[in-house]
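**Student:** Got a sequence here, can you model it:
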Amino acid sequence: MVCMLLKIDQSAKSVNQVRCSRCATTLIIRHGTYFRADPVRPTLVKIQRYLCKSPECPRRTFSVLPFPLLPIVRHTFGTHIIGYVLGNALRRPQSIVSGLLEITRGRTKRLSEFCREFIPWFYHEAKIADWGTNLLQDPARFWADFTRDFSQRFYPARWDIGDQHNSIL
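**Tutor:** Next up, the predicted model:
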């Protein structure tokens, strides 16, 4: 009987388990919450923070943002796609893109410049990454992996990847 309870408990733990975004360990605990403005609707989204308990991990706290929120960037995944299509693929003027996305022209310009690098990276990584094309079919399941890859590529200083790369060369 006790053995069955342990098996049930172990299987429940393996489903939808949060891992440290830096070292991928499951030695984590909940460490409070914070609110972030939802860029799509005028509401706040409650974000769970976690504390990594691994002594080797340089990152102490982290959060797993829900779809479609991206780390650091204040635009959603969908805004990047729409901004790229309107501004770069369809060559719409910034004033029209700004009006459709309801953002300032300065933000539209920065979004367009960022998307010129983001979109090619996204399509290249979708062919080779674990999240691949499944991100578009099942974002809830692959979102954490995608946001980790995204922040490693576009914000390497947060991951110390740039320093390690330079020391190898």
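**Student:** Quick one: mean pLDDT for the helix ranked longest in the chain?
**Tutor:** Counting by DSSP state H, the longest helix found in the chain is helix 105-128. Helix 105-128 carries an average pLDDT of 88.
**Student:** contacting residues around that helix?
**Tutor:** 73, 75, 79-81, 83-84, 87-88, 94-95, 97-98, 101, 103, 132-133, 135, 149, 153-154 (C-beta atoms under 8 Å, 6 or more residues apart in numbering). (C-beta placed from N, C-alpha, C; glycine too.)
**Student:** Now do the helices in the chain.
**Tutor:** Counting by DSSP H, one finds helices in the chain at the ranges 2-14, 77-84, 94-101, 105-128, 134-137, 139-154, 161-168.
**Student:** which stretch among these comes nearest P55?
**Tutor:** P55 lies closest, by C-beta to C-beta, to one member of the helices of the chain: helix 161-168, at 19.7 Å.
**Student:** Can you select the buried ones among the contacts of helix 105-128 for me in ChimeraX?
**Tutor:** Restricted to buried positions by 16 or more other C-beta atoms under 10 Å, the ChimeraX selection for these reads:
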select :73,75,79,80,81,83,84,87,94,97,98,101,103,135,149,154
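**Student:** All set now, cheers.
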